[in-house]
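Need a 3D model of the sequence below.
(one chain, ligands or ions: 1)
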Amino acid sequence: KNIDRASFTWQTPSNIALVKYWGKSNPQIPKNASISFTLNNCHTITTIDFVKKEKSNEAVFNLFFEGKEKAEFKPKIAEFFKRVQQYCPYILEYKMTINSENSFPHSSGIASSASGLSAIAMCLMSLEKELNADLSAKNSNKKASFLARLGSGSASRSIEGPLVVWGKHAEIEGSSDLFGVQFPYKVHSIFENYQDVILLVDKGEKQVSSTVGHNLMHEHPFAENRFIQANENLAKMSKILQEGNAKDFINLVESEALTLHAMMLTSNPYFILMKPNTLEIINKIWEYRQENESSICFTLDAGANVHVLFPEKEKENVGQIIESQLSKYCDKNQYICDTVGFGAKMF
Ligand code: PMV
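Below you'll find the predicted structure:
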């Protein structure tokens, strides 16, 4: 089909890994399988206007972020288009105008690459669907995740929800290194509507970009054991999610977060990505758990912010503790309340 002009808008979420991806080989192949909760409130909304033009050798696009042209984001997106053009040759026949905005503050220390790149991938797939009406929704999502992965590994987990596995794993049916898949087994009801409050400890630029971080695993003395451990942890997590064992969930999630940071503490060069307030918060969470019948736990990304995870039924109590005791460790007392979500939405 010949299409001269088209415009698509997608909202895609951020995600938070329970078993972490840290270490990859080319082209964006993970060294171990990972699993994440898809988030609901932290998302990107992106519109791409496609206008037909003469075919060129590389993608031609303009990029606006929250209404302003953003030159500093262009190289990452240009690199993304370069990587995907062999799978989506039609992008070379359109001039693309990309308008993007995040629901969370840009400099909040929350990685926007997962939601940002998955949104672009969904817009490309919408055009592809117009060009080829036979493409099923299932295959379209699979390819969107495949494309998003080429931009940022964790973006492959930001197309569907509520739980997505990326990386080939013997015990997860249908799993692949090339795209994320929805966790294929029935999840215990305690994990329904799970809550994630993101405490914004440090809103600065990331100290270590994830590209640099993943590369640190190449010469890392503990890398091989870490990859084995992560795959074992994913098998354990699969069982926990199905059986609903809250204690085991807490242990595994917190251990994964600390192990991710341990990899950075022991790499060359080494990095401490936590801040004093990160540790204050962790200690408070442990104290609260000890003193109350609570399933609250924390996880971390490659930064100082803390994700506080807990079941929906604890929302009121934990909400109060966060407001009265934990928010004081946050930059300008800021935190974001989120819940587990269901993936990309078209407008
Ligand atoms: O997708 P990347 O290359 O930005 O890597 C993200 C890695 C972590 O966020 C630290 C862990 C994960 O699995 O999301």
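
Could you pull up the residues touching Asn41?
Going by Cβ atoms under 8 Å, 6 or more residues apart in numbering, Asn41 touches 103-104, 336-339, 341. From N, CA and C alone the C-beta is placed, and that goes for glycine too.

Give the helix, strand or coil label for it.
Following DSSP: H, G, I helix; E, B strand; the rest coil, Asn41 is assigned to strand.

quick one, strands of this structure?
Remark: strands assigned in the chain by DSSP state E are 5-19, 24-25, 29-30, 34-52, 60-65, 68-69, 94-102, 163-166, 180-182, 195-199, 297-300, 306-310, 335-339, 345-346.

Any regions of this structure where pLDDT drops low?
107-109 (pLDDT under 70).

ok, 90 please
The chain contains residues with pLDDT under 90 at 1-2, 70-73, 104-112, 132-138, 203-211.

okay, which residue is most central for it?
Central residue of the chain (Cα atoms, centre = their mean): Asn15, 3.6 Å from the mean position.

Would you mind measuring from that residue to the ligand?
7 Å (Cβ to the nearest ligand atom, to the nearest Å).

what residues are up against that residue?
Contact analysis of Asn15 by Cβ under 8 Å, 6+ apart lists 36-39, 114, 154, 157-158, 164.

in the sheet, who's paired with it?
Assessed by DSSP bridges, Asn15 has beta-bridge partners Thr38.

just the strands of the chain: most buried one?
strand 163-166 (a mean of 26; mean count of other Cβ atoms under 10 Å).

Extract the C-alpha trace of that one and format it as PDB.
Output in PDB follows, covering the C-alpha atoms of strand 163-166 (Å, rounded to 0.1, in the frame of the first residue of the first chain):
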ATOM      1  CA  LEU A 163       5.600  -8.900  34.000                       C
ATOM      2  CA  VAL A 164       8.000  -9.300  31.100                       C
ATOM      3  CA  VAL A 165      10.900 -11.600  30.600                       C
ATOM      4  CA  TRP A 166      13.700 -10.800  28.200                       C
END
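
Do any residues in that strand lie close to the ligand?
No - residues of strand 163-166 are not located near the ligand by Cβ under 6 Å from any ligand atom, the shortest gap being 8.2 Å.

need the residues of the stretch 1-150 of the chain near the ligand, please.
By Cβ under 6 Å from any ligand atom, the part of the stretch 1-150 of the chain that sits against the ligand consists of 17, 20-22, 34, 111, 113.

is Leu309 in a bridge, and if so with what?
Taking DSSP bridges as the rule, Leu309 bridges to Asp196, Cys297.

didn't it look like it was pressed against Ile198?
No - using Cβ atoms under 8 Å, Leu309 is not in contact with Ile198, being 10.2 Å away.

show me where the protein has helices.
Taking DSSP state H as the criterion, the chain carries its helices at 74-84, 113-131, 137-151, 210-216, 223-243, 246-265, 276-291, 315-321.

which of those sits most buried?
Most buried of the helices of the chain by mean neighbour count (mean count of other Cβ under 10 Å) is helix 113-131; its value is a mean of 25.

Which one, of the strands of the chain, ends up nearest to Lys275?
Smallest distance to Lys275 across the strands of the chain (Cβ to Cβ): 9.9 Å, for strand 306-310.

Residues in contact with that closest one: which ones?
16, 37, 194-199, 201, 253, 278, 281-282, 285, 294-301, 318, 322, 326.

State the distance from Asn193 to Gly244.
Going from Asn193 to Gly244 by Cβ to Cβ, to the nearest Å gives 14 Å.

whoops, Gly341 was the one
Gly341 is 20 Å from Gly244, by Cβ to Cβ.

got it, and Glu291?
23 Å.

check contacts around whichever residue of the stretch 51-200 of the chain sits closest to the ligand.
Scanning the stretch 51-200 of the chain for proximity to the ligand using Cβ to the nearest ligand atom identifies Ser154 as nearest, at 3.2 Å. Going by Cβ under 8 Å, 6+ apart, Ser154 touches 15, 17, 21, 34, 36, 111, 113-114, 166, 210.

Repeat the analysis, applying 10 Å as the threshold.
Contacts for Ser154 were tallied using Cβ atoms under 10 Å, 6 or more residues apart in numbering; they are 14-17, 20-21, 30, 34, 36, 111, 113-115, 117-118, 148, 164, 166, 180, 210, 301.

now swap in Asp196 and tell me
Under the criterion of Cβ under 10 Å, 6+ apart, the contact list for Asp196 reads 14-16, 37, 39-42, 299, 307-310, 336-341.

Perfect, that will be all.
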